[in-house]
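> Sharing a model that was predicted from the sequence below.
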Amino acid sequence: MSQLKTISHIDGVGVPSTPGKFKPDKVPPFFHRLRWFHVSISRLTLWSSFFVAFIVVYYLFSSPSPYSPSSSRRSLGVSYGGKDWERHVTRSTRRHSSKSGGGGLTVLVTGAAGFVGTHVSIALKRRGDGVLGLDNFNDYYDPSLKRDRQKLLERSGIFVVEGDINNAELLSKLFEVVAFTHVMHLAAQAGVRYAMQNPSSYVHSNIAGFVNLLEVWKLANPQPAIVWASSSSVYGLNSKVPFSERDRTDQPASLYAATKKAGEEIAHTYNHIYGLSITGLRFFTVYGPWGRPDMAYFSFSKNILKRKQITIFEAPNHGTVARDFTYIDDILKGCLAALDTAKKSTGSGGKKRGNAQLRVFNLGNTSPVPVTQLVRILEKLLKVKAKTKVLPLPRNGDVKFTHANISLAYRELGYKPTTDLETGLKKFVRWYLNYYQNSKKSSW
Ligand SMILES: O=C(O)[C@H]1O[C@H](OP(=O)(O)OP(=O)(O)OC[C@H]2O[C@@H](n3ccc(=O)[nH]c3=O)[C@H](O)[C@@H]2O)[C@H](O)[C@@H](O)[C@@H]1O
């Protein structure tokens, strides 16, 4: 009876509109079954609605509004925020005074799981500075190498926030939680030749990402002092050697170089309008342990060991292609010196309060080495003869040579590279064999 009531109350179908014509006692069994079926469907619908409502309410109350700052969030597929997250961030940025005189900086390192980023972060932490890493762990090259670098960072007490430099909300949150005194901005789309394949990734990271960071830094209070990675590639087709910071940089030979050059101009703008202290470092073909698999010294080593052919580019008329290869430890010293000599930004809350420092330095080795010589050294260290093929230098952004004049960096930063290519490659090869062969990891 209650079943019948339910049917008539919720579901009008099957209830006669004309009373008297319908005699429930004489309903055939088929109609009973039909009614029972309707009851079940209605109950199912009711309970499903309750269930859906419950899920919606639960979601609304458990996941905080994206506009509430002290909450846990998911953005670009990465979670951040919340008490636990903040505890990691705060612990990582705690300073420890040290005998070496360090320990005075609180640094955000973007691209911390990258090659230079890992080395710089660990060096800062070791001397007592507070360090927080930021990295999006993209797959431009094998992300497992980045994850292994992250483990190294974690062992040194450095927390790496997983996120993109284009995520303004995340960046603002970081500056809300920590009063960073400095930023070492190394996150970028690297690689000269890859720009032909994926041009937008260069615009996304090296231009849009950089502007996004600057927009956050200009508003930060205190504004941090910024040191960032430019590139020797800005010299482009410049033929005057060695390259000096005063030389022209308006002839980039690749989109990569153009985005780095654009970064230098953008840095000028933010320094001029907002009083941000900014130092650009023009790195010259940096190499060493935990390096980048897309670079020639790294991929040559892999292919030589696998007895695969490598391609060596040559300039027109069998001309030599050479690079001012610079060892990571020397670059590292230049980075720390740039941070230590960086003056404070002068603005706050988006307002400039005075002129701020704006610098650009070459960080090279001052002794270019032909790529053929790089291969000879690797053959000797790996004890394997390389199978080589010589091709003309492709028109995809490569330049014939690079050669740094480092007198300005020497004067202002005390920068003095001490590692020749063979010594540096010896250290790289030792690391490479240990990392890939002894640990049985598959190489990139
Ligand atoms: O100094 C810099 O600013 C730049 O240094 C490197 O760029 P690159 O010097 O081209 O370094 P590699 O890709 O390792 O190439 C080194 C040399 O090997 C040559 N090469 C490369 C690849 C190859 O298959 N064959 C070959 O002969 C290149 O022409 C170049 O002369 C980095 O990849 C850039 O991210 C960085 O900004």
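Great, that's in hand.

> what's the helix or strand harbouring V161 packed up against?
If you go by DSSP states H and E, V161 is part of strand 159-162. Strand 159-162 makes packing contacts with strand 78-80, helix 83-92, strand 130-135, helix 143-155 when contacts are defined by 3 or more CB pairs under 8 Å, 6 or more residues apart in numbering; DSSP states H and E. Heads up, the C-betas are built off the backbone N, CA and C, glycines and all.

> go again using 6 Å as the cut-off
Here strand 159-162 touches strand 130-135, going by 3 or more CB pairs under 6 Å, 6 or more residues apart in numbering; DSSP states H and E.

> Pull up the pairing partners for the strand it packs on, direction included.
strand 106-110 (parallel), strand 159-162 (parallel) (DSSP bridges).

> returning to that earlier point: just after the strand holding V161, pick out the following helix or strand.
Strand 159-162 is succeeded, C-terminally, by helix 168-177 (DSSP H and E).

> report the angle between the axes of that following helix and strand 106-110?
Following axes from the mean of the first three to the mean of the last three CA atoms, to 10 degrees, one obtains 160 degrees for the angle between helix 168-177 and strand 106-110.

> buried residues in helix 168-177?
The neighbour-count check on helix 168-177 (16 or more other CB atoms under 10 Å) flags E169, L170, L171, K173, L174, F175, V177 as buried.

> and the residue lying closest to the second one once chain neighbours are set aside, how many neighbours?
Ranked by CB to CB, 6 or more residues apart in numbering and with sequence neighbours excluded, the top spatial neighbour of L170 is G163, at 4.6 Å. Neighbour count for G163, taken as other CB atoms under 10 Å: 23.

> if we can go back for a sec, between the strands paired with strand 130-135, which gets nearest to I377?
Nearest to I377, of all these, is strand 106-110, at 30.8 Å by CB to CB.

> got a list of contacts for the closest one?
For strand 106-110, contacts defined as CB atoms under 6 Å, 6 or more residues apart in numbering pick out 93, 117, 121, 124, 129-134, 165, 180-187.

> Helix or strand next in line after it, which one?
Taking DSSP H and E, what comes next after strand 106-110 is helix 115-126.

> what is the orientation angle of that next one with strand 130-135?
160 degrees.

> Which secondary structure elements does helix 115-126 sit against?
So helix 115-126, by 3+ CB pairs under 6 Å, 6+ apart, packs with strand 106-110, strand 130-135, helix 328-341.

> which residues are contacting that helix?
107, 109, 111-112, 131, 133, 149, 153, 156, 158, 184, 186, 290-292, 328, 332, 335.
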